[in-house]
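Engineer: Fold the following for me, if possible:
(one chain, ligands or ions: 1)
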Amino acid sequence: MKSPGGVLQGRVALITGGGRGIGKGIAIRIAEAGADVIIGDIDRDSAEQTAKELGANYERAVALQVDVTKKESIDAVVRKVLKEFSTIDILINNAGIMFRTRILDISPEEWENTLLVNLTGPFLFSQAVIPLMKKSGYGRIVNISSSAGRSVSTLGGAHYTATKAGLLGFTRAVAKEVASFGITVNAVCPGLIDTQMARDSTSKEELEMFIHSFPIKRLGLPEEIGDLVVFLSSEKASYITGASFDINAGGLMI
Ligand code: NAP
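Structural biologist: Model (predicted):
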């Protein structure tokens, strides 16, 4: 339930890939913290379902279909958001895809597609939203990378690891450029989180094996990523930028 006077009261947040999985967990926690929420997802049905669930309990929640790989699609979404809300204060670049393909079998198309969703998407969305944040003098961008970006992917192929490591570099570079406008840019690096992406890419036995190897012996929950994202999106995190946060059951300690 909504907490009156929550840390994100009065803010407007857009979450890409917010229809399900980690994006949905983040959207729930951001809505609980009092922000208006825009669920942007390529899957219109899941976006609408999530927005409906949030709208029934919290502040305004709107679903908009968006393909983060296409600038026209992002620009159209930003225009629609601005008709209803005055700005976008918080951008969560969460939409991502993962393939387990080994290096010699990755086709140029699969390589390109992974780069487009995982890296070009956050670039295009940040470019579309930073001018609004500069105007209002407040902005929070949180990029959902992965333990893969800090080391190497448990499940994904070289393309997945490359994009998630690239996203950390992108986070630092943009953070440096926009800090003077009151905008912070940080990255969150989850380990194995209980979502369709994780469950679709591995067998039950393999998943158990991974869980057993972690100091904290369970999968993470999407809302646990959401708790960290809420903090990074709030005023309380105004001295943190260009940073990457591990949240991974202790599966990777560096
Ligand atoms: P998920 O369950 O597959 O959800 C991802 C959502 O993003 C889906 O609704 C998907 O829609 C949407 N999406 C895909 N391509 C898109 C595009 N071009 N434009 C807009 N939306 C798009 O994945 P998840 O596990 O929640 O992962 C979310 C993020 O966390 C990803 O960046 C992932 O790399 C990262 N992550 C996940 C884990 C994990 O263990 N789950 C660990 C580390 C990092 P469709 O299903 O219709 O494609």
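
Engineer: hmm, who's touching the host helix or strand of Phe125?
Structural biologist: Using DSSP states H and E, Phe125 sits within helix 121-136. By Cβ atoms under 8 Å, 6 or more residues apart in numbering, the residues outside helix 121-136 that reach it are 14, 16, 68-71, 74-75, 78, 82, 87-89, 91, 93, 95, 139, 141, 143, 167, 170, 174, 178, 181-183, 185. Where C-beta positions appear, they are placed from N, C-alpha and C, glycine not excepted.

Engineer: filter those to the buried ones?
Structural biologist: 14, 16, 68-69, 74, 78, 88-89, 91, 93, 95, 139, 141, 143, 167, 170, 174, 178, 181, 183, 185 (16 or more other Cβ atoms under 10 Å).

Engineer: Could you tell me which residues of the protein lie near the ligand?
Structural biologist: Within the chain, the positions adjacent to the ligand are 16-17, 19-23, 41-43, 46, 66-69, 94-98, 117, 144, 146, 190, 192-193, 195-198 by Cβ under 6 Å from any ligand atom.

Engineer: Check the offset of the least confident helix or strand in the chain by mean pLDDT from the chain's centre.
Structural biologist: The least trusted helix or strand in the chain, going by mean pLDDT, DSSP states H and E, turns out to be helix 196-200, with a mean of 93. In terms of Cα atoms, centre = their mean, to the nearest Å, the centre of helix 196-200 is set 16 Å apart from its chain centre.

Engineer: I'd like to know how far Gly166 sits from the ligand.
Structural biologist: Gly166 sits 12 Å away from the ligand when distances are taken as Cβ to the nearest ligand atom, to the nearest Å.

Engineer: Wait, that residue touches Leu119, no?
Structural biologist: Yes: at 5.1 Å, Gly166 counts as touching Leu119 under the criterion of Cβ atoms under 8 Å.

Engineer: so where do the strands sit in the chain?
Structural biologist: Assigned by DSSP state E, the chain shows strands spanning 12-16, 36-41, 61-65, 90-93, 139-144, 183-190, 244-247.

Engineer: any chance of those strands in CSV, plus mean pLDDT?
Structural biologist: Shown next, in CSV, are those (pLDDT from 0 to 100):
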stretch, mean pLDDT
strand 12-16, 98
strand 36-41, 98
strand 61-65, 97
strand 90-93, 99
strand 139-144, 99
strand 183-190, 99
strand 244-247, 98
